[in-house]
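Novice: 3D, please:
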Amino acid sequence: MKSLPPLKPLISFRSAARNKSFTKAAHELNLTQGAISRAVKQLEEFFGFELFERRNRGLFLTGKGKQLAEGVEEALVRLERVSEAIRLPETKRRLSVSCEPSLAMRWLMPKLETFLASNPHTDIHLSTGGGPIDLSAEGVHLAIRRSDFAWPPHYHCTPLGRERIGPVCSPEYWAQHKNGPKQRLHTRTRPEAWSDWDSVSTIRIDFNSEKYFDHFYFSLQAATTGFGMAIGPEPMVRDDIKQGLLVAPYGFETTRIEYVTLSLDRPGTDNDMNAFINWLKAELSLPTH
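Specialist: Numbers count the residues shown, from 1 in each chain. Take a look at the predicted model:
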């Protein structure tokens, strides 16, 4: 315990570090700016070095200050989660999950009830988001992402399986256009989707027109209604293929990208998180018929 700094000032330091301002921290904690300054000074005296420096009228963490801020943030977030867990009824344990929007809407949400049925004591709080995420700031236990960006080294990454993609369209569209040129459907949120297909497949498709959509989800929805041909990640189109709403005439190819989960806590130390990750792996590995 002798190595621990005074604990009460850590709350003020955390707020000042996150807001990059003593004034904003004081407003957030309903304290005076002087109280925030004294709390930070108390920590600096304990450690023997400065935690902040002022440059160009701005407040910046020093190197060691940033290191301390990251440790304090992680420790307090975990404490908040424990506090939240023990205050909830014992029959429900909350697991906050962030998932790529299209994967959430077209795959996870329709299947989530099967997980909850076999894990009735787990309460999944689902939000959507893509790419980089600050797990601490957003209060997320687990993020489901594609491995196409860099995440902080202290995040625990669990691979779920490599992504498989393929061109998809409605059966009616394929019947009318399989021997002729087709319309290619793009999405602005993932403009490299067709390039990804070209990099893993030797099949070249004849296109004579293109149409753009703001979101990946919309391009897949357009494909089911006969607008043209879109790139479909296999999990997101699996149910539509089973229901006869889509066909994948050229099959699916495996890309270099993986689906992964990111967490602050090691999954093996949390039974609810571990059970959910194992379920995700099993569901993603199911074949398309």
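
Novice: helices along the stretch 1-150 of the chain, start to end?
Specialist: For the stretch 1-150 of the chain, the helices defined by DSSP state H, counting those that start in this stretch cover 8-19, 22-29, 33-47, 63-87, 101-103, 109-118, 135-138.

Novice: and those: which comes nearest residue 242?
Specialist: Closest to residue 242 of the helices of the stretch 1-150 of the chain, according to Cβ to Cβ: helix 109-118, at 11.7 Å. No exception for glycine: its C-beta is placed from N, CA and C like everyone else's.

Novice: quick check: longest strand of this structure.
Specialist: strand 156-168 (DSSP state E).

Novice: who touches the helix or strand just after it?
Specialist: Following strand 156-168 in sequence order, the next helix or strand is helix 171-177 (DSSP states H and E). Here helix 171-177 makes contact (Cβ atoms under 8 Å, 6 or more residues apart in numbering) with 169, 182, 223, 226, 227, 228, 229, 244, 246, 247, 249.

Novice: and for stretch 227-242?
Specialist: 102-103, 106-107, 110, 163-169, 173, 182-185, 187, 193-194, 196-197, 205, 207, 209, 211, 219-220, 222-224, 246-248, 252, 283-284, 286, 288-289.

Novice: and the residues you listed, which are buried?
Specialist: 102-103, 106-107, 163-169, 173, 182-185, 187, 193-194, 196-197, 219-220, 222-224, 246-248, 252, 283-284 (16 or more other Cβ atoms under 10 Å).

Novice: re earlier: I'd like the helices of the stretch 1-150 of the chain written out as a markdown table, with mean pLDDT and distance to residue 159 added.
Specialist: Output for those, formatted as a markdown table (pLDDT from 0 to 100; distance: least, Cβ to Cβ, whole Å):
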| stretch | mean pLDDT | distance to residue 159 |
| --- | --- | --- |
| helix 8-19 | 92 | 31 |
| helix 22-29 | 90 | 38 |
| helix 33-47 | 93 | 38 |
| helix 63-87 | 83 | 23 |
| helix 101-103 | 90 | 15 |
| helix 109-118 | 91 | 19 |
| helix 135-138 | 88 | 18 |
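
Novice: list the buried residues for stretch 151-160?
Specialist: 151, 156, 158, 160.

Novice: helix, strand, or coil at the first one?
Specialist: The reference is to residue 151. Three-state call for residue 151 (DSSP: H, G, I helix; E, B strand; the rest coil): coil.

Novice: and the residue lying closest to residue 201 once chain neighbours are set aside, how many neighbours does it have?
Specialist: Leaving aside its chain neighbours, residue 201 sits nearest to residue 253 (5.0 Å; criterion: Cβ to Cβ, 6 or more residues apart in numbering). By other Cβ atoms under 10 Å, the residues close to residue 253 number 17.

Novice: what number of residues lie near residue 269?
Specialist: 10.

Novice: please disregard the earlier target; I meant residue 218.
Specialist: Count around residue 218 with other Cβ under 10 Å applied: 18.

Novice: quick one: contacts for the residue nearest to residue 222 when sequence neighbours are not counted?
Specialist: Setting aside the residues directly before and after it, residue 222 is nearest to residue 185 in space (Cβ to Cβ, 6+ apart), at 5.6 Å. Residues near residue 185 by Cβ under 8 Å, 6+ apart: 210, 211, 213, 219, 222, 223, 227, 228, 229, 230.

Novice: related to what we said a few turns ago, next, give phi and psi for the residue nearest to residue 201.
Specialist: phi -120, psi 150 (degrees, to the nearest 10).
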